[in-house]
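# Coordinates only, no sequence provided:
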């Protein structure tokens, strides 16, 4: 019989997002589905206690929560801003957890309608900014030199939309080298 | 045995779930669909439950007692049959059909799935299908031998192993595998875990989800049906190839 | 062109600098203000700015006249009115208080709030990019 792969390690390093998916948002209602959810939660919890596996994301989520507490009351801006919506915080946390490891972690800012802005600002001329509200549709905009744009993408709670990954990656890339032929 | 011909006299299925995730129309709250949905579903699904997403915020200002704030939003609607063994869900992300034990065969439920799916399309007006998932949760009772330990490999072709089986004994395990079917692009997630021993039996949970993530038209039932059947085939193949003949034979005995 | 009680013209000129007071440290980094600092308030449908330029003392002076002191002024974002208008919105004088104006003309889409937010974010990002950050 072939030696089994060490599936626990495999889960933590490769299938982390898949485990997260197994833990969250399940439509199954049986007690056995709950068993699976709890078992998977225990693995996720253990992984998130690891500084190596989750340290940076844990720090980012702490920053997010601190910001949410700071803006937990209406008028946090001295004007008419709505309190940061806890559901937006929940979705933003899930978004951070689902980010691939090769994507830098964002900075967070409160928005006057109670949403949360996730910003990637590598320079004054290149930025990518996503708004996380209370549903799974994420509004985003980007600047890349003279190029700019905006769109909406759907976040299912487990996987970052591919065009968002590409958009963030693009503003951190050094651009395409042009090859001049004789 | 062909993939779609897996028939068991006493299938260990605890719950079967079909999820159809969709792009929903912008700005529409799922809670507003309840009256129209229940009017159409009431005869077979008289009970309604709302699924909430709740967040609990506990503030502990220095020198003051903790303050608890609760926020909740409706995340979905459940329409249940009288015996609560079958339910239809209208979720913020799409549609679900759940069948709990006693489960017969997917073919027996497909007409009702089609009917309730079309009600969902009429009421919620989803824009497009994003993914289809077919999930089967099985509870397999393994008899504990007179002389422990239980040999999992007697029942499982793919089973967890310990690094030192002489001196270590399992007290619990969780295995998860994710794979893609090369020909179709369908994905499968397999979770194997145990529940605490009951009398002289060890309950194993074998949770198989087959998933297809291609975009599809909400009005095209034949295409959706073909997709569901392909996922069923994949699920059956995984089930049959995870369990030994000895284990499968348990389910052929009345 | 008329004059306002503050003595400023009632039309905000393209070459005037408008200033957004920043009371949240998360609304700027070391380089620039963040787009969220400029997003409009959904109730008033505009964004409040002041016609006080970039000089820190002038900024503090206007702040102290207009604030209710429940917030701490941490920084300011200063942008040329022409740049704000190039981004697709307008700056309209609105007094009292003195030297106050609103960034108006934001896109509002009742049937698609997320697309509305995306359009607003792009505009806010352009304004943020063109704004200087004044630390206080």
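Nice, thanks for sending it over. Quick caveat: nothing in here was measured; it's all calculated off a predicted structure.

# for chain A, longest helix please?
As assigned by DSSP state H, the longest helix anywhere in chain A is helix A:51-70.

# roughly how far is that helix from the heart of the chain?
In terms of Cα atoms, centre = their mean, to the nearest Å, the centre of helix A:51-70 is found 11 Å from the chain centre.

# Can you give me the buried ones in that helix?
Residues A:53-54, A:57-58, A:60-61, A:63-64, A:67-68 are the ones in helix A:51-70 that count as buried (16 or more other Cβ atoms under 10 Å in any protein chain shown). C-beta: built from backbone N, CA, C; applies to glycine.

# Of those, which is the nearest to residue C:63?
Nearest to residue C:63 among the buried residues of helix A:51-70, counting by Cβ to Cβ, is residue A:67 at 22.7 Å.

# There's contact between the closest one and residue A:107 in this structure, I believe.
No: with contact defined as Cβ atoms under 8 Å, residue A:67 does not reach residue A:107; the gap is 9.6 Å.

# Mutual contacts of the two, please.
By the contact definition Cβ atoms under 8 Å, 6 or more residues apart in numbering or on different chains, residue A:67 and residue A:107 are jointly contacted by residue C:26.

# And the worst-scoring helix or strand of chain C on mean pLDDT, what's buried?
In chain C, no helix or strand scores lower on mean pLDDT, DSSP states H and E than helix C:56-66, which sits at a mean of 93. Buried residues in helix C:56-66, counted by 16+ other Cβ under 10 Å: C:59, C:62-63, C:66.

# biggest separation within these, which pair?
Of all pairs drawn from the buried residues of helix C:56-66, the one with the longest distance (Cβ to Cβ) is C:59 and C:66, at 11.0 Å.

# List the residues that are in contact with both of these two.
Residues touching both residue C:59 and residue C:66 (Cβ under 8 Å, 6+ apart): residue C:50.

# So the top strand by length along chain B, near chain A or not?
When chain B is parsed with DSSP state E, its longest strand is strand B:128-143. Yes: residues of strand B:128-143 are located near chain A by Cβ under 8 Å from any Cβ of the partner chain, namely B:130-131, B:135, B:137, B:139.

# State the next helix or strand along the chain beyond the biggest helix by length in chain C.
Secondary structure assigned by DSSP H gives helix C:113-130 as the longest helix of chain C. In the C-terminal direction, the helix or strand that comes right after helix C:113-130 (DSSP states H and E) is strand C:132-135.

# That following strand pairs with which strands?
Note on strand C:132-135: by DSSP bridges, its sheet partners are strand C:75-80 (antiparallel).

# What lies in contact with the partner strand?
C:14-22, C:27-28, C:33, C:37-38, C:53-54, C:56, C:59, C:127-128, C:130-136.

# Would you list the buried entries among those?
Counted by 16+ other Cβ under 10 Å, the contacts of strand C:75-80 give C:16-22, C:27-28, C:33, C:37-38, C:53-54, C:59, C:127-128, C:130-131, C:133-134 as buried.

# Specify the local secondary structure of the residue lying farthest from the centre of chain C.
Note on chain C: the largest C-alpha distance from the chain mean falls to residue C:111, namely 26.8 Å (Cα atoms, centre = their mean). What DSSP: H, G, I helix; E, B strand; the rest coil gives for residue C:111 is coil.

# Please name the residues that touch it.
Counting by Cβ under 8 Å, 6+ apart, residue C:111 makes contact with B:26-27.

# How about the one 5 residues further on?
By Cβ under 8 Å, 6+ apart, residue C:116 lies in contact with A:139, C:107-109.

# Kindly report the same for residue C:48.
Residue C:48 neighbours (Cβ under 8 Å, 6+ apart): A:79, C:20, C:41, C:100-102.
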